[in-house]
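Enquirer: Quick one, what's the 3D model for this:
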Amino acid sequence: MTFTNLILLLAFALISAAGLLAMFKLSFKYRWFDVPVERSSHTRIVPRTAGISIALLAILSLVFWGPDDFQSPIIYFSFITFFIIGIYDDIKHVKASSKFWAQLIIAASISIFLPNFRIDNFYGVLGVHAIGEIFSISFTTFVFVVVINAYNLIDGVDGLAASFSVFAIYLIGLCFKDINLNVFQFCHLLIAILLPFFFINFSKKYKMFLGDTGSLFLGTTIILFVGYMLNSNNAVHVPCDMNRALYALVALCYPLLDTLRVFTLRLTRGQSPFQADKSHLHHKLLGLGFNHFTTTASLLTFNIIIYLINCSLLNQVDVNAVLVADFMLIGLFFIGGLWYTRLKKSVHK
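Expert: Predicted coordinates:
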């Protein structure tokens, strides 16, 4: 990375910090607060408008420094639409069903009209390689909606959604380091914009949340990168020579895992999968006595361990055998968590 690039990243980090502080002041001036409810993991009034500043700066950076393939009216329309929906939801409220239909329409539009962002190959996962256009459009639309909601759903603990966003953006960016420098550099630019948020999010004096504007923007950005990486027309160099599809699953492991788990639990109870509750893994860790920092650090460490195992020990193994091994590792993680929970409850008794 050149000295000029480092200066640019530092400049964007400083601009992002200034924008967040300005948004903090505006939030108190106009009373844009998140009032705690029963399922909240915080107990005081906190502005949930940090995502407005982050998304705005990131969209501007896309205009002037974004990769050529991302310079599409449909992508800009998608970001601006979610930006408007997010602001309204952060300040007032938008029904979950309304957000879902907006996500579905935008996901379908991207899948249909931007073929370079379609997932058109499973790269041997479950024995499937190239897939037809209709199935590609349908599957990509489905994955877009799932991922966007995954990053929205894990945004319940300080630093969690932002940490996994940085993790995913960094890993996906590595795939383009020697192939497409513009994509690689833009990933670093987004990370620079996000980094000041961690100080704000964990601060007591200037505390702010991402809000729906931030989580919708991050989820959309990440799935665009994933779709671009998994499209067979786009050249990539996956670290450790890992399977391309498996690499994407590892990069998004925890958000997808928690979303699948929560949706399954809610549906088995006869509830809407979008009904808010405290069944997320981060809520369980908070209930065990973890604080926000240790909860985020623990879950991120889990995902990093999954990545390192796949990268170092399983990179030469058949992709479907690796999937089985990953499910076993995740299963051990859950079994260990259940054992720890029961042990702690028995101690308290």
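
Enquirer: Nearest spatial neighbour of residue 9, chain-adjacent residues omitted?
Expert: residue 192 (4.2 Å; C-beta to C-beta, 6 or more residues apart in numbering). Backbone N, C-alpha and C define where each C-beta goes, glycine included.

Enquirer: Okay, that neighbour and residue 14: tell me how far apart.
Expert: 9 Å (C-beta to C-beta, to the nearest Å).

Enquirer: Pretty sure the residue nearest to residue 9 sits against residue 5.
Expert: No: between residue 192 and residue 5 there is no contact under C-beta atoms under 8 Å: 10.1 Å.

Enquirer: Which one of those two is surrounded by more residues?
Expert: residue 192 (21 against 13; other C-beta atoms under 10 Å).

Enquirer: after the host helix or strand of the more buried one comes which helix or strand?
Expert: Taking DSSP states H and E as the criterion, residue 192 maps to helix 181-202. Next in sequence after helix 181-202, counting helices and strands by DSSP H and E, comes helix 211-229.

Enquirer: Give the other helices and strands that that next one contacts.
Expert: If you count contacts as 3 or more C-beta pairs under 8 Å, 6 or more residues apart in numbering; DSSP states H and E, helix 211-229 packs onto helix 50-65, helix 73-91, helix 96-113, helix 133-153, helix 160-174, helix 181-202, helix 244-251.

Enquirer: Which of these sits closest to residue 208?
Expert: helix 50-65 (4.0 Å; C-beta to C-beta).

Enquirer: Residues touching the closest one, excluding its own?
Expert: Under the contact criterion C-beta atoms under 8 Å, 6 or more residues apart in numbering, helix 50-65 has outside partners 12, 15-16, 19-20, 22-24, 70-71, 75-76, 79-80, 82-83, 86-87, 90, 185-186, 189-190, 193-194, 197, 200-201, 208-218, 221.

Enquirer: what's the closest non-adjacent residue to residue 90?
Expert: residue 211 (3.9 Å).

Enquirer: And that neighbour, how far from residue 2?
Expert: 35 Å.

Enquirer: If you count surrounding residues, which of the two has more?
Expert: A side-by-side neighbour count of residue 211 and residue 2, using other C-beta under 10 Å, places residue 211 first with 27 against 8.

Enquirer: For the stretch 1-150 of the chain, give me the ranges with low pLDDT.
Expert: Within the stretch 1-150 of the chain, the segments meeting pLDDT under 70 span 1, 34-44.

Enquirer: Roughly how far does the residue nearest to residue 9 sit from residue 265?
Expert: Counting by C-beta to C-beta, the gap from residue 192 to residue 265 is 37 Å.

Enquirer: same thing with residue 290?
Expert: Relative to residue 265, and taking C-beta to C-beta, residue 290 is found at 20 Å.

Enquirer: likewise residue 224?
Expert: From residue 224 to residue 265 the distance is 29 Å (C-beta to C-beta).

Enquirer: who touches residue 234 in this structure?
Expert: 69, 116, 180, 228.

Enquirer: could you measure it against residue 93, distance?
Expert: 38 Å.

Enquirer: And residue 175, by the same measure?
Expert: 38 Å.

Enquirer: The two: which is more packed in?
Expert: residue 175 (26 against 10).

Enquirer: And that one, what's its pLDDT?
Expert: Looking at residue 175, its pLDDT stands at 96.

Enquirer: Would you confirm that it contacts residue 229?
Expert: Yes: the pair residue 175 / residue 229 is scored as a contact, 5.6 Å apart, by C-beta under 8 Å.

Enquirer: got any residues that touch both of those two?
Expert: 236, 244, 247.

Enquirer: Since that was my last question, I'll sign off now.
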